[in-house]
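[1] let me see the structure of the following:
(one chain, ligands or ions: 1)
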Amino acid sequence: MPVQDIYKAVIDFKDSEIANLVQAEVDAGTDVSSILNDGLIGAMDEVGKLFGEGRLFVPEMLMAAQTMKAGLEIIRPLLGGADAKPRGTVVIGTVKGDLHDIGKNLVAMMLEGAGFTIVDLGVDVEPQAFLDAAKENEAQLIAMSALLTTTMPAMEECVKIVKEAGLDTKLVIGGAPVTQAYADKINADGYSADAPGAVSLARKIVPS
Ligand code: B12
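    Down below sits the predicted model:
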């Protein structure tokens, strides 16, 4: 089944082949939702599972995410008409003072692959900029990344100003030094140790 070729190409990191495979399916009239859900997202779910089991590591996860993104580019213009409604909007960024973005990018890619609309503010993002972007884009979720212990307080500041502003937007945090205990302490709505976990978290917080 050709959609399975797409699924397999993502799992096998065939980033040079994926665009052609997806285009061929589109040309053959295959349902775009099936290409997305059974092929691209299905494969990323499997990658997340393999990562969770310790059978696949961060570099492989990045390669799979990049392959998935290349496939997603082909069907992106068609998604509006497909039966694949967006899951919600996530404003994501690395917090003020912090330039590490590999993990943040991976989380953004996985969330995009899971059907969320991503507003990526990049690195060194002020708490107020998260709040402004969440308002402007009517985001359901703010996702903050920090890799330095010295930049973690910027997360607390952001949680505080978003809650004070009375927004419905939920806040999730992550990054190597961040823990569930820290998330609880600063009153964040969720934490995950890795990108597949960020997808599960976002799906739980923003039900379809
Ligand atoms: C690569 C790297 C750099 C690169 C960053 C390149 C880039 N474009 O990102 C460069 C060389 C620029 C760099 C610079 C610095 N770095 Co550096 N860096 C690293 C290193 C080696 C890897 C980080 C990484 O990318 N990991 C791979 C990704 C995939 O993992 P991750 O980010 O943790 O993300 C995963 C999860 O945490 C989670 N996640 C991440 N974000 C989010 C967000 C949400 C919402 C959720 C749910 C989940 C989630 O999902 C991701 C995927 O599974 C780490 C060491 C380490 N092992 O962490 C040091 C490290 C983070 N760096 C460190 C330091 C000290 C610095 C510098 C201060 C060095 C210096 N003296 O100049 C500067 C700081 C610059 C700045 N202002 O940010 C220290 C931090 C110490 C501390 N506890 O604060 C570390 C731990 C190294 C060390 N052992 O000392 N660094």
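
[2] so where's the protein uncertain?
    1, 79-85 (pLDDT under 70).

[3] recalculate using a threshold of 50.
    Where the chain drops to pLDDT under 50, the residues are 81-83.

[4] domain ranges for it?
    2-81, 89-205 (automatic domain parsing).

[5] make a markdown table out of those domains and add distance to the ligand and mean neighbour count.
    C-beta coordinates here come from the backbone N, C-alpha and C atoms, glycine included. Shown next, in a markdown table, are the domains of the chain (distance: least, C-beta to the nearest ligand atom, whole Å; neighbours: other C-beta atoms under 10 Å):
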| stretch | distance to the ligand | mean neighbour count |
| --- | --- | --- |
| domain 2-81 | 5 | 18 |
| domain 89-205 | 2 | 19 |
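
[6] ok, now how distant is residue 28 from residue 3?
    10 Å (C-beta to C-beta, to the nearest Å).

[7] nearest residue to the middle of this structure?
    residue 111 (2.2 Å; C-alpha atoms, centre = their mean).

[8] didn't that residue look like it was pressed against residue 201?
    No - under the contact definition of C-beta atoms under 8 Å, residue 111 does not touch residue 201, with a separation of 9.7 Å.

[9] hmm, back to that, contacting residues around the residue nearest to the centre of the chain?
    By C-beta atoms under 8 Å, 6 or more residues apart in numbering, the contact set of residue 111 is 90, 92, 118, 143, 198, 199, 202.

[10] are we agreed that it is in a helix?
    Yes - counting by DSSP: H, G, I helix; E, B strand; the rest coil, residue 111 is part of a helix.
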